[in-house]
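Asker: Need a 3D model of the sequence below.
(one chain, ligands or ions: 1)
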Amino acid sequence: MGNPKVSVVITGFEARHYDELLDFLTLFYYGKFIRKLMYEETKVSYGDKVVELGVGNGRNAILLSDRVGNEGEIVGFDISPDMLKRAREKTRKYVNIKILKHDIREEFPSKFYDYFDVALISFAFHGFEPEDKEKIFENVRKILKNGGRFYILDYNQIELANAPRWFKILIDRFECPLAEDFLRYDLIAKAKKFGFKLTKKKTYFKDTIQYSEFTLRK
Ligand SMILES: C[S@@+](CC[C@H](N)C(=O)[O-])C[C@H]1O[C@@H](n2cnc3c(N)ncnc32)[C@H](O)[C@@H]1O
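Answerer: Residues are numbered from 1 along each chain as shown. Model prediction:
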């Protein structure tokens with residue numbers, strides 16, 4: 001089912017207060033959770049170039065900024081003017097973070113081909129139509145170096161009927177219809193078509209959320 005009014009492009013009040021809303025809705029647990037993922041579960045080295053697709057207001061980018069240091073770089077792409085504005089305000093003092101406007105379904109500028117060591121997409125991938133998901137895999141394949149890692153933080157592939165009640169309510173009432181489709185999406189097989197092999201997967205919150213690492217072989 002899902003809520004047809006909900007879209008993965010976040011604007012207005014929600015964009016301006018995205019972090020606060022997420023913290024509030026998760027009883028202030030989200031901050032701790034995402035810090036652990038960015039610090040402990042994301043393989044990033046000093047000097048790495050990292051790209052975040054659908055960077056939102058830059059929370060993940062800021063967490064990764066110290067890890068890549070001044071030799072490294074973090075580039076965040078988004079299309080929501082409100083999210084871009086907020087991300088630019090929040091990351092202004094981080095010299096190694098760049099926030100750029102770009103629709104991630106479209107090819108990236110060729111100067112980014114084979115440029116990044118790590119790519120990340122967090123709570124955005126589920127919201128794209130199947131053909132757009134394929135475009136995103138293809139676009140990421142072009143901008144990642146051979147051996148680069150692609151991290152997907154999103155809903156996990158689970159049977160909704162067996163999921164906890166709070167998760168069913170989230171998917172049915174508050175998420176876009178594509179979120180429910182994503183629970184049945186064959187992520188590993190689709191990723192493989194574009195040269196990405198699953199190299200690590202962790203699940204959280206009774207298996208409802210996954211953090212999957214794919215490694216690219218070109
Ligand atoms: C749910 S938010 C997640 C933000 C951030 N990744 C995080 O985890 O905090 C999804 C983000 O993807 C962006 N987005 C949606 N469609 C996009 C597209 N086609 N190209 C670029 N960004 C997009 C939205 O504007 C929004 O900022």
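
Asker: Next, give phi and psi for the closest residue to E159 other than its chain neighbours.
Answerer: The shortest distance from E159 to any non-neighbouring residue, by C-beta to C-beta, 6 or more residues apart in numbering, is to L183 (7.7 Å). All C-beta atoms are positioned from the backbone trio N, CA, C, and that covers glycine. Here is the backbone geometry of L183 (degrees, to the nearest 10): phi -60, psi -20.

Asker: With N70 instead?
Answerer: phi -70, psi -20.

Asker: Does it touch Y94 like I think?
Answerer: No - at 10.2 Å, N70 does not count as touching Y94 under the criterion of C-beta atoms under 8 Å.

Asker: out of these two, which sits in the busier spot?
Answerer: Comparing N70 with Y94 by other C-beta atoms under 10 Å, the one with more neighbours is Y94, at 16 against 10.

Asker: What pLDDT is listed against that one?
Answerer: On the pLDDT scale, Y94 is placed at 97.

Asker: Am I right that it is in a helix?
Answerer: No - applying DSSP: H, G, I helix; E, B strand; the rest coil, one finds Y94 to be coil, outside a helix.

Asker: Tell me how far it lies from the ligand.
Answerer: Per C-beta to the nearest ligand atom, to the nearest Å, Y94 is found 16 Å from the ligand.

Asker: pretty sure that residue is touching R59, no?
Answerer: No - applying C-beta under 8 Å, one finds Y94 not in contact with R59, separated by 11.9 Å.

Asker: For S212, grab the count of nearby residues.
Answerer: Neighbour count of S212, defined by other C-beta under 10 Å: 20.

Asker: In three-state terms, how would I188 be classified?
Answerer: The three-state assignment at I188 reads helix, by three-state DSSP.

Asker: scratch that, A61 is what I was asking about
Answerer: With three-state DSSP as the criterion, A61 reads helix.

Asker: so how many other residues sit close to it?
Answerer: As a burial measure, A61 scores 27 neighbours (other C-beta under 10 Å).

Asker: what does the one 5 residues further on give?
Answerer: When counting by other C-beta under 10 Å, one arrives at 14 neighbours for D66.

Asker: How about Y29?
Answerer: 12.

Asker: Can you check the pLDDT for it?
Answerer: At Y29, pLDDT is 81.

Asker: Dihedrals phi and psi, it?
Answerer: Per-residue torsions, Y29: phi -90, psi -30 (degrees, to the nearest 10).

Asker: what does the one 10 residues further on give?
Answerer: When quoted as degrees, to the nearest 10, the phi and psi of Y39 stand at phi -80, psi -40.

Asker: Repeat that for the one 3 residues further on.
Answerer: Note on T42: backbone dihedrals following degrees, to the nearest 10 are phi -110, psi 120.

Asker: Show me what the mean pLDDT comes to for stretch 171-191.
Answerer: Stretch 171-191 carries an average pLDDT of 94.

Asker: how distant is that stretch from the center of its chain?
Answerer: How far stretch 171-191 lies from its chain's middle: 14 Å, per C-alpha atoms, centre = their mean, to the nearest Å.

Asker: where along this protein do the helices fall?
Answerer: With DSSP state H as the criterion, the chain has helices at 12-16, 18-25, 30-36, 59-68, 81-91, 130-143, 165-169, 177-182, 187-193.
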